[in-house]
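*Asks:* just the structure for this:
(one chain, ligands or ions: 1)
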Amino acid sequence: MEPIAFIDTEIEPKTGRIADIGGVSENGRTFHSSSISGFVSFLRGSRFLCGHNLLHHDMNYIRQAVQSAGIPSSRMIDTLHLSALLFPAKPYHKLVKDDKLQTEELNNPLNDAIKAKELFFDEIAAFRKTSPALKLIFHSLLHDQKEFAAFFQYVGYVGLPVNPVEAIRREFRLRICDHVDLAHLIQQNPIELAYCLALIYAGHKTSITPPWIIKSFPAVQGIMYVLRGKPCYRACGYCDAQLDSRKGLKRLFGYDAYRSYAGQPLQEDAVNAAIAGKSLLAVFPTGGGKSITFQVPALMSGESVRGLTVVISPLQSLMKDQVDNLEKQGITEAVTVNGLLDPIERAKSLERVENGSASILYIAPESLRSKTIERLLLGRNVVRFVIDEAHCFSSWGQDFRVDYLYIGDFIKSLQDKKNLADGIPVSCFTATAKMKVIEDIQTYFREKLSIEMSVFSSSASRTNLHYQVFERATDEEKYNTVRELLECKPCPTILYVSRTKRADELALRLSNDGYPAKSYHGKMEKHVKTSHQDAFMKGDVQIMVATSAFGMGVDKKDVGMVIHYDISDSLENYVQEAGRAGRDEAIFCRLLCVV
Ligand SMILES: [Zn+2]
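*Replies:* Sure thing, here's the model as predicted:
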């Protein structure tokens, strides 16, 4: 065996001075002291030097000692760089936790040197087991890179003259786009390309690029995208099978076709725009299939580039519903982190984002101020921000939320910290088709992030709604009509009123008359609102008497009737409120207006 020393240093963080050094040689000789001269004697005779993060950390402090011991700089082996290449699957390796060695004992460099030795021999074993074709590809990309050259020397692997472009195309057929410019990537980013290929080859659905690679080699994310996430729209085995929006819909949700609105294929168009990496603003009626429109591209990015889509919504109580609804369809890649979770649920969600088993994260806008969330997103390949209820950006309207104005700053700072060459795309969703609101959203993103949003807007028409108007002279007649309607069609019903007091009174009166009802309005205590909303959503009560404050984001498929006890304050609000009936197209629904 070639003489090789494994080392680790302990550096005082304030002074940058060496506090302690540990070392072990191939034949078990050990060193543990802070004496530099002793360290030089220990190293003498070694032909190679190895450590975990040796090149970019320890060498900054021990360069002179290594030189004095006569080990040339071309014989440095770094187990950190090798581990991401040779153990791309999750968990990377039992000894490695991201860029650190797993260690129980603090400040014992001898212990860490011994672990680095164990890891190194596991890496050699993993390299020997690598397929001959992949070995050749790794060698052709990395043999002259300082992070890897000495490893090939140590194991005595000299490779063969290969054309790496052809070798990669052959070995990765149907796993990467046929038309990606490999020659350019090989020349510009050989290490990043090798890391991507290692991950793709491993094929584990939930394996992700370790956070330290995302930080140290930010180009990895862009390369993964051109290899597997960017459709080429030419004859291509990979893109045809993996990046086609209809095949994605079928594979993930089992549906054959997207929904169209008045003959316009808006849902499919918006999904295709997202797959193409565009930023977009979708104006869909409430219940118009919004979730699928962002879930399909998000789940596809999870499959193709191990990407994370962050969904920002102000409606915390509905996030869990969305996650649960996906789970019912066998899709477990979504999690939520919000204020309504208990600490154990929260820790579980955070872990699932960190370890790559989640590809959709639902959070509230205020969560963007949390350092934990920021750290989490810095460690993942964030492929898109989806912003729900995007009319909350607009100061023109009652739903304006100041937390929304921070979203753009957050995205910008995340992009800067990740050193991304291209911005992260954004999808906005709203049910509000007011021109002023759409303009406000577009202006916000143009000014904050230089994003031009493509707009996908549906007309407000819904063909499954049936409208009926009743003329009644007195309040008493109105009330009796409501009772008759509830009697004729017992189903989840929303009764809209214009005043908070009337909401409470009417709910009470109906309950007393044998029609259990809850009320909902903006002046209620938050916990009362939540409990009333939950009771209605879960079906514990069938009737909700509410002001226009109720309904933003309400996704209850079986609402069979919406009654306007009072006239809405605008036609636009009326259409939105009416739209809360009959989400599920299979259900026959009626809309009634009592005047
Ligand atoms: Zn392609």
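
*Asks:* so who does Phe31 touch?
*Replies:* 7, 21-24, 38-39, 42, 110 (C-beta atoms under 8 Å, 6 or more residues apart in numbering). The way it works is simple: take the backbone N, C-alpha and C, and place the C-beta from them, glycine included.

*Asks:* now for the residues you listed: which two are most distant?
*Replies:* The span of these, defined through C-beta to C-beta, is set by Val24 and Gly38 at 14.3 Å.

*Asks:* more neighbours, these two?
*Replies:* Between Val24 and Gly38, counted using other C-beta atoms under 10 Å, the more crowded position is Val24 (25 against 15).

*Asks:* before we move on, the earlier item: just the buried ones among the contacts of Phe31, please.
*Replies:* Neighbour counting by 16 or more other C-beta atoms under 10 Å classes 7, 21-24, 39, 42, 110 among the contacts of Phe31 as buried.

*Asks:* just the residues you listed: which are in strands?
*Replies:* Using DSSP state E, the subset of these located in strands is 7, 21-24.

*Asks:* ok so, going back, and which of the buried ones among the contacts of Phe31 is nearest the ion?
*Replies:* Ile7 (45.6 Å; C-beta to the ion).

*Asks:* just checking, the closest one touches Leu54?
*Replies:* Yes - under the criterion of C-beta atoms under 8 Å, Ile7 makes contact with Leu54 at 7.5 Å.

*Asks:* helices and strands of this protein: which one has the lowest mean pLDDT?
*Replies:* strand 589-594 (a mean of 52; mean pLDDT, DSSP states H and E).

*Asks:* for the stretch 251-400 of the chain, what spans make up the strands?
*Replies:* Secondary structure of the stretch 251-400 of the chain (DSSP state E, counting those that start in this stretch): strands at 280-283, 308-312, 334-337, 360-363, 382-387.

*Asks:* figure out which of these is closest to Lys523.
*Replies:* Taking C-beta to C-beta, strand 308-312 is the member of the strands of the stretch 251-400 of the chain nearest to Lys523, at 26.6 Å.

*Asks:* which residue packs closest to the residue of the stretch 251-400 of the chain found nearest the ion, ignoring adjacent ones?
*Replies:* Proximity of the stretch 251-400 of the chain to the ion (C-beta to the ion) peaks at Ser304, 11.2 Å away. Leaving aside its chain neighbours, Ser304 sits nearest to Arg228 (4.4 Å; criterion: C-beta to C-beta, 6 or more residues apart in numbering).

*Asks:* ok, the one you found touching Cys236?
*Replies:* No - contact between Arg228 and Cys236 fails when scored by C-beta under 8 Å: they sit 11.4 Å apart.

*Asks:* among the two, which residue is more densely surrounded?
*Replies:* With neighbours defined as other C-beta under 10 Å, Arg228 and Cys236 compare such that Arg228 has more, 25 against 18.

*Asks:* contacts only, for the more buried one.
*Replies:* So Arg228 contacts 175-177, 200, 238, 242, 304-305 (C-beta under 8 Å, 6+ apart).

*Asks:* can I get these in a markdown table including pLDDT, neighbour count and distance to Glu268?
*Replies:* Shown next, in a markdown table, are the contacts of Arg228 (pLDDT from 0 to 100; neighbours: other C-beta atoms under 10 Å; distance: C-beta to C-beta, whole Å):
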| residue | pLDDT | neighbour count | distance to Glu268 |
| --- | --- | --- | --- |
| Arg175 | 97 | 16 | 26 |
| Ile176 | 97 | 25 | 25 |
| Cys177 | 98 | 23 | 22 |
| Ile200 | 95 | 20 | 28 |
| Tyr238 | 97 | 21 | 21 |
| Gln242 | 96 | 21 | 17 |
| Ser304 | 95 | 26 | 19 |
| Val305 | 95 | 26 | 21 |
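
*Asks:* just to revisit the earlier point, ok, now how distant is the residue of the stretch 251-400 of the chain closest to the ion from Tyr238?
*Replies:* Distance check for Ser304 against Tyr238: by C-beta to C-beta, to the nearest Å, it reads 9 Å.

*Asks:* domain parsing for the chain?
*Replies:* Following automatic domain parsing, the chain resolves into domains at 4-129, 130-240, 244-457, 465-594.

*Asks:* confidence-wise, which of these is weakest overall?
*Replies:* Mean pLDDT is lowest for domain 465-594 out of the domains of the chain, coming in at a mean of 80.

*Asks:* how about stretch 371-379: buried residues?
*Replies:* Within stretch 371-379, the residues that count as buried by 16+ other C-beta under 10 Å are 373-374, 376-377, 379.

*Asks:* stretch 438-455 too?
*Replies:* Within stretch 438-455, the residues that count as buried by 16+ other C-beta under 10 Å are 438, 440-442, 444-445, 448-449, 451, 453.

*Asks:* neighbours of Leu280, how many?
*Replies:* Look at Leu280: counted by other C-beta under 10 Å, it has 26 neighbours.

*Asks:* and Leu174, by the same measure?
*Replies:* Using other C-beta under 10 Å, Leu174 is surrounded by 11 other residues.

*Asks:* that one reaches Asp240, doesn't it?
*Replies:* No - at 9.6 Å, Leu174 and Asp240 do not qualify as touching, with contact defined as C-beta under 8 Å.

*Asks:* find the closest residue to the ion in the stretch 401-550 of the chain.
*Replies:* Relative to the ion, the nearest point of the stretch 401-550 of the chain is Asp422 (18.5 Å; C-beta to the ion).

*Asks:* what is the burial count for the residue nearest to that residue when sequence neighbours are not counted?
*Replies:* Excluding its sequence neighbours, the residue lying closest to Asp422 (C-beta to C-beta, 6+ apart) is Gly222, at 6.6 Å. By other C-beta under 10 Å, the residues close to Gly222 number 20.
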